[in-house]
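Student: requesting a structural model of the entry that follows:
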Amino acid sequence: MLEVSKLNKFYGQNHAVDDLNFTVASGEILCLLGANGAGKTTTLNMLLGFIKPDSGHAVLDGVDMYHQRADCREQMMYIPENVHLYPSFTAVENITYLAELAGVKVIESDIKDVLIRTGITETQLVRKVGGFSKGMRQKVAIAFALLKHAKLVLMDEPTSGLDPVATQEFIEVVKTIKERGTAVLIVTHDLLCAHQLADQIGIMSHGQLKQLIKNDGLTLPNLTEQYFNQFSA
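Tutor: Presented below is the predicted three-dimensional model:
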């Protein structure tokens, strides 16, 4: 679904992203781990079109993400570290408005069904989202991604600031996106979340993808050891 090849970005003499290559298949989750300055956020910003790469390619379902940006944008969903919604609207009203802006046709009953599927309760459906926690706002964004039928969902530090219960709820909700066949790329510092959620785990350091690990039989202690080996290299 997502193919990234030979992606590079320079800031002066700093090689922020160095010849990056990876793929994320439909129904697959890739978590990118790395210390601050490893190149994770720059990679995410290039895929989002916020900054232009100096060279390389990114293709979403056969469509060039840089030469056919508008077509790709319709197939993507970005969930930032802190999801911003209209605080005086309910979750249903927020999604209705966002769907109208995006040209996505939805009906209220479908919105409610998907919100409940992502963990928003009947009582919370009628509350203004100004009182929602970070985890609840994320659930609204994920519900919109499901309604939008996004082919690719990009997330930036989604578990930052979440307590253990909210983190586990987040993991279970993201699995609903995976089950729909969506490709998911998560930039995170959270090794436990990556271990519980990802199909692939990429470890970045100094702009390079040092390791790309299949999360099949991988133990958390082994992942932690491999991560810190790259961090200290």
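Student: can you pull out the helices in this protein?
Tutor: Here the chain has its helices, by DSSP state H, at 40-48, 69-73, 91-102, 108-117, 122-125, 134-148, 164-179, 191-197, 220-231.
Student: per-residue pLDDT, the residue sitting furthest away from the middle of the chain?
Tutor: Using CA atoms, centre = their mean, the residue of the chain lying farthest from its centre is residue 13. It sits 29.0 Å away. For residue 13, the model assigns a pLDDT of 85.
Student: OK, contacts around residue 43?
Tutor: 4, 7, 17, 20, 32, 187, 204 (CB atoms under 8 Å, 6 or more residues apart in numbering). Every C-beta, even on glycine, is put in place using the N, C-alpha and C of the backbone.
Student: centroid residue for this protein?
Tutor: Centroid-nearest residue in the chain: residue 155, 2.2 Å away (criterion: CA atoms, centre = their mean).
Student: who's in contact with residue 51?
Tutor: For residue 51, the contacting residues are 9, 42, 45, by CB under 8 Å, 6+ apart.
Student: ok, now which ones touch the residue lying closest to the first one once chain neighbours are set aside?
Tutor: Spelled out, that is residue 9. With sequence-adjacent residues excluded and distances taken as CB to CB, 6 or more residues apart in numbering, residue 9 is closest to residue 17, at 4.3 Å. Residues counted as contacts of residue 17 (CB under 8 Å, 6+ apart) are 7-9, 39, 42-43, 46, 53, 207.
Student: what is the worst-scoring helix or strand of the chain on mean pLDDT packed up against?
Tutor: When each helix and strand of the chain is scored by mean pLDDT, DSSP states H and E, helix 69-73 comes last, with a mean of 76. Here helix 69-73 touches strand 63-64, going by 3 or more CB pairs under 8 Å, 6 or more residues apart in numbering; DSSP states H and E.
Student: need the contact partners of the strand it packs on.
Tutor: 57-58, 71-72, 75.
Student: just the residues you listed now: which is nearest residue 194?
Tutor: Ranked by distance to residue 194 (CB to CB), the contacts of strand 63-64 are led by residue 58 at 21.6 Å.
Student: PyMOL command for the buried members of the contacts of residue 17?
Tutor: In PyMOL, a selection of the buried entries from those looks like this (16 or more other CB atoms under 10 Å):
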select buried, resi 7+8+9+39+42+43+46+53+207
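Student: can I get the contacts of residue 17 in CSV including distance to residue 122?
Tutor: CSV is the format used below for the contacts of residue 17 (distance: CB to CB, whole Å):
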residue, distance to residue 122
7, 44
8, 49
9, 46
39, 43
42, 42
43, 39
46, 41
53, 45
207, 47
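Student: save the contacts of residue 17 as TSV, and put in distance to residue 88 and pLDDT too.
Tutor: Output for the contacts of residue 17, formatted as TSV (distance: CB to CB, whole Å; pLDDT from 0 to 100):
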residue	distance to residue 88	pLDDT
7	40	92
8	44	93
9	39	92
39	38	86
42	35	91
43	35	91
46	34	90
53	39	91
207	42	88
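Student: show me the contacts for the closest residue in space to residue 3 that isn't next to it in sequence.
Tutor: Leaving aside its sequence neighbours, residue 3 sits nearest to residue 59 (CB to CB, 6+ apart; 4.5 Å). Residues in contact with residue 59 (CB under 8 Å, 6+ apart) are 2-3, 5, 65.
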